[in-house]
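> Could you look at this predicted model? Sequence included:
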Amino acid sequence: MTHYLDAAVEAARAAGELLRHNFQQPLRVNSSEAHDIKLEIDVRAQTLITKLLLEKFPEHALYGEEGIVGDQTSDHQWVVDPLDGTVNYFYGIPHFCVSIALRYKGEIIVGVIYDPMRHELWKAQKGEQPNLNGKPFRVSERADLREAVISVGLSKTGVTIAAGLPLLQEMVHRARKCRLMGSAALDMAYVACGRFDAYIEQGISLWDIAAGWILVETAGGTVEMKPRADMKDKYSIVASNGVVDLKL
């Protein structure tokens, strides 16, 4: 799998450089909604990632936030969020990333998350210890929720925001601190390397959390995902160090 991981790292770094170069520059908005923004740079970043990956692996498929490429029944499917944290990016908040994962027959086997503003690159492959900028990491060991830092995501629809607010209120009272950072992929990476103890979201897409999923699991944590019956292709997720007592 090393050649897959190397290709994902190369694509993530290339897309990250594109994002960093255009950060705080005039941006073209493709669409604007109540709780979300779509930018031209999202599309450009995914186009670049697609080119780099599928030139190397033309038989593979790509499933991304900005569209799909190739036969989605292929055994190998890249799952890509070219810019996770688009609203942060648009408002000049330097907290966003590139997320790239590879699924083989439905199982995630490679994951890369790259934060181009902090030059932090998390990478993992199935069966091996993950690393951040070449240094291995593990999830935290905090079990007491009173000592924990929890990220609670509030999604982009009224339904999932309404579902998330009671959970946020509960965690605010029970945990040491709660954070709403605006990038699900970075939240997952932060859980994986012990900065956060858990990340909870009521309505998320696969491309947001695919790479983070393998990071958390190979770092010793747990990920629980359930499809939402009321929202197509959306999931509720709890990613944690596996020992913090959430009692959801």
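Perfect, I can see it now.

> The most centrally placed residue in the chain: what's it in contact with?
The centroid of the chain falls nearest to residue 185 when counting by C-alpha atoms, centre = their mean (2.0 Å). Residues near residue 185 by C-beta atoms under 8 Å, 6 or more residues apart in numbering: 81, 84-85, 97, 99, 113, 208-209, 211-212. Backbone N, C-alpha and C define where each C-beta goes, glycine included.

> Run a quick neighbour tally on residue 119.
11 (other C-beta atoms under 10 Å).

> what about the nearest residue to it once chain neighbours are set aside, how many residues close to it?
Leaving aside its chain neighbours, residue 119 sits nearest to residue 133 (7.6 Å; criterion: C-beta to C-beta, 6 or more residues apart in numbering). Neighbours of residue 133 under the rule other C-beta under 10 Å: 11.

> One more: residue 55?
9.

> next one: residue 19
Neighbours around residue 19, by other C-beta under 10 Å: 23.

> Okay, and it sits in which element?
Secondary structure assignment for residue 19, by DSSP states H and E: helix 2-22.

> OK, contacts around the residue nearest to residue 119?
119-121.

> do residue 211 as well
79, 99-101, 108, 111-113, 122, 124, 185, 188.

> quick one, what contacts residue 39?
Residue 39 sits in contact with 27-30, 83, 86, 89-90, where contact means C-beta under 8 Å, 6+ apart.

> Mark which of these are buried, thanks.
By neighbour count, with 16 or more other C-beta atoms under 10 Å, the contacts of residue 39 hold 27, 83, 86, 89-90 as buried.

> Filter the residues you listed down to the ones in helices?
In this view, the buried ones among the contacts of residue 39 that belong to helices under DSSP state H are 86, 89-90.

> okay, the contacts of residue 133 in TSV with pLDDT and distance to residue 66 next?
Output for these, formatted as TSV (pLDDT from 0 to 100; distance: C-beta to C-beta, whole Å):
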residue	pLDDT	distance to residue 66
119	98	24
120	98	23
121	98	22
